[in-house]
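**Student:** Provide a 3D model corresponding to the input given below.
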Amino acid sequence: MSTSPTISFIGAGNMASAIIGGMLDSGFKAANIWVSAPDDNHLQSIRKQFGVSVTTDNRYCAEQADMVVLAVKPQVMASVCSDIAPVVQNTRPLMVSIAAGLEASTLDEWLGGGLPLVRVMPNTPALVGEGACGYAIGQAATAEDGELVKRLLSAVGVAYEVKERLIDAVTGLSGSGPAYGYMIIEALSDGGVAAGLPRDISTRLAAQTMLGAAKMVLETGKHPGELKDMVCSPGGTTIEGVHELEEGGVRSALINAVRAATERAVELGLE
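**Tutor:** As a prediction, the model looks like this:
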């Protein structure tokens, strides 16, 4: 496959837009990207925003590609795959699925069998180059296919290869995780407002605080618990706040959120 492959996105939702935007920001050429979706008005908005080629014809979109990214909802994936199967069986592109819950074997069956396929779980911060992605290489895909997917995903954040059985866990953690982070930032901002800060300043302080804390974990390599303890002076303000969080069950709530989202990903595959 070319080092500058043509990539077709079947589906033009938030996740596809986030990946496309991140790819373009990293230097990928808009001329090498196609997007298909049923709503032409939405497609024209995508074309205007990113400068990519668009079509309402999924088969035509797939036919252009060295790599086809399946970016539709799990509930409609079977019909989409069945529609494009005759085309991709002929052109043999690398297939990439970003749908939650759907196993590679199921997708392979819907696509007619034998195609190289990689399952990916990205997240929306890819739009700002800070994505956190997991990917699993299917049986017919090569190590080179996996490296290509990793290279593209790394252009919009970080990407880690995992066993396919762990993709649902990636979905529950980093796929859904931005929503948990936004809720935490919003709650911290509310706390700042309750303490008297103006809303705009409070929100920016909350967001920057979470960004800084995340960078400390990534760049120091220290365990989050160790970094937390470094902030908690004996008898100080932070340990009082941490005590309130423990009383409120924040730690358990976040663990349960990841587990619940993971279980829902499994359910989507069964549906």
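**Student:** where does F9 land in three-state SS?
**Tutor:** Here F9 takes the strand state, with states given by DSSP: H, G, I helix; E, B strand; the rest coil.
**Student:** burial count for it?
**Tutor:** Here the number of neighbours of F9 (other CB atoms under 10 Å) works out to 29. Backbone N, C-alpha and C define where each C-beta goes, glycine included.
**Student:** now do Y135
**Tutor:** The local packing of Y135 (other CB under 10 Å) involves 24 other residues.
**Student:** show me what contacts it?
**Tutor:** Shown in contact with Y135 (CB atoms under 8 Å, 6 or more residues apart in numbering): 118-121, 146, 149-150, 153, 159-162, 167.
**Student:** pretty sure F28 sits in a helix.
**Tutor:** No - counting by three-state DSSP, F28 is not part of a helix but coil.
**Student:** quick one: it and S53, what's the gap?
**Tutor:** Per CB to CB, to the nearest Å, F28 is found 14 Å from S53.
**Student:** show me what contacts A71?
**Tutor:** A71 makes contacts with F9, I10, G11, A12, G13, M15, A16, I19, I98, A99, as judged by CB under 8 Å, 6+ apart.
**Student:** excluding chain neighbours, what is closest to it?
**Tutor:** Counting by CB to CB, 6 or more residues apart in numbering, G11 is the residue found nearest to A71 once chain neighbours are left out, at 3.5 Å.
**Student:** out of the contacts of A71, which are inside strands?
**Tutor:** F9, I10 (DSSP state E).
**Student:** elements contacting the helix or strand of the chain with the lowest mean pLDDT?
**Tutor:** Lowest on mean pLDDT, DSSP states H and E among the helices and strands of the chain sits helix 14-25, with a mean of 87. Under the contact criterion of 3 or more CB pairs under 8 Å, 6 or more residues apart in numbering; DSSP states H and E, helix 14-25 touches strand 7-10, strand 33-36, helix 40-50, strand 131-137.
**Student:** and the ones you listed, which is most packed in?
**Tutor:** strand 7-10 (a mean of 27; mean count of other CB atoms under 10 Å).
**Student:** ok, back up a step: hmm, who's touching the least confident helix or strand of the chain?
**Tutor:** Helix 14-25 is contacted from outside by 7, 9, 30, 33, 35, 46, 49-52, 69, 71, 98, 122-129, 131, 152, 155-157, using CB under 8 Å, 6+ apart.
**Student:** quick one: buried residues of that helix?
**Tutor:** M15, A16, S17, A18, I19, I20, G21, G22, M23, L24 (16 or more other CB atoms under 10 Å).
**Student:** before we move on, back to that, list phi and psi for the residue nearest to A71.
**Tutor:** Phi and psi for G11, reported as degrees, to the nearest 10, are phi 120, psi 140.
**Student:** now do I98
**Tutor:** phi -110, psi 20.
**Student:** same check, this time on P93
**Tutor:** With angles defined as degrees, to the nearest 10, P93 sits at phi -80, psi 170.
**Student:** redo the contacts of Y135 as TSV? Include neighbour count and distance to G269.
**Tutor:** Supplementary listing: the contacts of Y135 in TSV, determined by neighbours: other CB atoms under 10 Å; distance: CB to CB, whole Å:
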residue	neighbour count	distance to G269
V118	25	16
R119	26	11
V120	25	15
M121	28	12
G146	19	21
V149	24	20
K150	19	23
L153	25	21
A159	22	22
Y160	13	21
E161	16	20
V162	15	16
I167	26	10
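**Student:** out of these, which is nearest to D190?
**Tutor:** If you rank those by distance to D190 using CB to CB, M121 comes first, at 30.1 Å.
**Student:** do you know the pLDDT at the closest one?
**Tutor:** pLDDT for M121: 92.
**Student:** same check on the one 10 residues further on?
**Tutor:** What the model reports as pLDDT for G131 is 91.
**Student:** what sits against the spatially closest residue to it that is not a sequence neighbour?
**Tutor:** Using CB to CB, 6+ apart and skipping residues adjacent in sequence, the residue nearest G131 is G157, 2.9 Å away. G157 makes contacts with G22, P122, N123, P125, A126, G129, E130, G131, A132, C133, as judged by CB under 8 Å, 6+ apart.
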